[in-house]
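Q: sequence and predicted model, in that order:
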Amino acid sequence: MTAEAIEPEAVVAPEPRPAGKLAGTVLSWVFVLAVMTYFLFPLLAMARFAFQRVPTVLLGWSTLGDKWTLDSLTRAFDDPQFGEALWLSIRLALGAMILTLALMVPTAMWVHLRIPKARGLVETLTVVPYVVPPIALVVGVIGAYRDTAPWFFTSRYSLIPFYTVLAMPFTYRAIDAGLRAIDLRTLVDASRSCGAGWFTTTFRVLVPNLRVSLLTSAFLTATVVLGEFTMAALLGRTTLQTFTQQFTQREPQGAFALGLLTLVVTTGLLALVTFLTRKRGAAAIPAVV
């Protein structure tokens, strides 16, 4: 038996990357760095004004590491109105999240199941709150319902419907994207054929498949509530943002520190949504052995 000579495999040299792709990659990174610089430098200036005990005229590169302190933020926390304003903002955020999910989830499901041809019209209607200025919305509602429902405007929770409408352009699309990602009609038909009612179908079949979309919608609503000022000021509510504006007149550094902290919290919520979405998407991809 003669052994056959085994020829070594030819080594294939990697193809050189085209110059166009390399230039596109470089331009992409340049654009990303430019955007980061555009946003980070104002935030750095804001942080230095809020947390450095250095006169404003002396703020420069030479004093970048001097006299950093959290005293300004501590003074804001010690203010008697801060706790009440923060607690009201949290309650408004929770109420707006609950109302948003209670309205948007059934609406989006109904559009997908019963009137799919009207999806474009519904998406257009959900953009209207983004186009109409908040001040026009509040003034219009006050003029229309001040005499017929005065009890509504005296309630601390009267901002919840306004915040729900204000967040609708974002929350509806988050829920709609989740419904597009699943086979909604098949899941509903299978559940209904097994004898389940609409309540059971919604909360035991559909909601578990929409966890990421619902979390995204809830967090987007919370970011809108935590950052909104116009509506709360017009209705005379002391929320976190109106308190920050009032606190600016007494302690500018503390107000800037509070605003920066709010920005960090809302950014953290959006980052958490991104993390959960990626984790969910990675878990949905089966491993190939």
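A: On my side now, so go ahead.

Q: skip the chain neighbours and tell me the closest residue to residue 75.
A: Spatially, and ignoring its direct neighbours in sequence, residue 75 is nearest to residue 254 (4.8 Å; Cβ to Cβ, 6 or more residues apart in numbering). (Each C-beta comes from the backbone N, C-alpha and C, glycine too.)

Q: element containing the one you found?
A: Taking DSSP states H and E as the criterion, residue 254 maps to helix 252-284.

Q: so where's the stretch 51-200 of the chain shaky on pLDDT?
A: Low-confidence segments of the stretch 51-200 of the chain (pLDDT under 70): 56-58.

Q: hmm, back to that, gap between the residue nearest to residue 75 and residue 82?
A: Counting by Cβ to Cβ, to the nearest Å, the separation of residue 254 from residue 82 is 9 Å.

Q: tell me which of these two has more neighbours.
A: Just comparing residue 254 and residue 82: by other Cβ atoms under 10 Å the higher neighbour count belongs to residue 254, 23 against 19.

Q: ok, that one to residue 186 distance?
A: According to Cβ to Cβ, residue 254 stands 55 Å off from residue 186.

Q: the helix or strand residue 215 falls within vs helix 252-284, what angle?
A: Here residue 215 sits within helix 211-227, counting by DSSP H and E. If you take axes from the mean of the first three to the mean of the last three Cα atoms, to 10 degrees, helix 211-227 sits at 170 degrees to helix 252-284.

Q: run through who's touching helix 211-227.
A: 89, 92-93, 96-97, 100-101, 104-105, 163-164, 166-167, 170-171, 174-175, 177-179, 181, 207, 240-241, 262, 265-266, 269-270, 272-273, 276-277, 280 (Cβ atoms under 8 Å, 6 or more residues apart in numbering).

Q: run the chain-centre distance for that helix.
A: Put simply, helix 211-227 sits 5 Å off its chain's centre (Cα atoms, centre = their mean, to the nearest Å).

Q: list the buried ones in that helix?
A: Across helix 211-227, burial judged by 16 or more other Cβ atoms under 10 Å covers 212-226.

Q: now stretch 66-85
A: Buried residues in stretch 66-85, counted by 16+ other Cβ under 10 Å: 72-73, 75-76, 79, 82, 85.

Q: what's the farthest-apart pair in these?
A: 72 and 85 (17.0 Å; Cβ to Cβ).

Q: which residue is nearest the centroid of this protein?
A: residue 220 (3.1 Å; Cα atoms, centre = their mean).

Q: before we move on, back to that, pick out whichever of the buried residues of stretch 66-85 sits closest to residue 119.
A: Closest to residue 119, out of all of the buried residues of stretch 66-85 and judged by Cβ to Cβ, is residue 85, at 39.6 Å.

Q: could you say which helix or strand holds the closest residue in space to residue 191 that isn't next to it in sequence?
A: Distances taken as Cβ to Cβ, 6+ apart place residue 201 nearest to residue 191, at 4.2 Å, with adjacent residues excluded. In this assignment (DSSP H and E), residue 201 forms part of helix 198-201.

Q: gap between that helix and the chain center?
A: Relative to the mean C-alpha coordinate of its chain, helix 198-201 is positioned 28 Å out (Cα atoms, centre = their mean).
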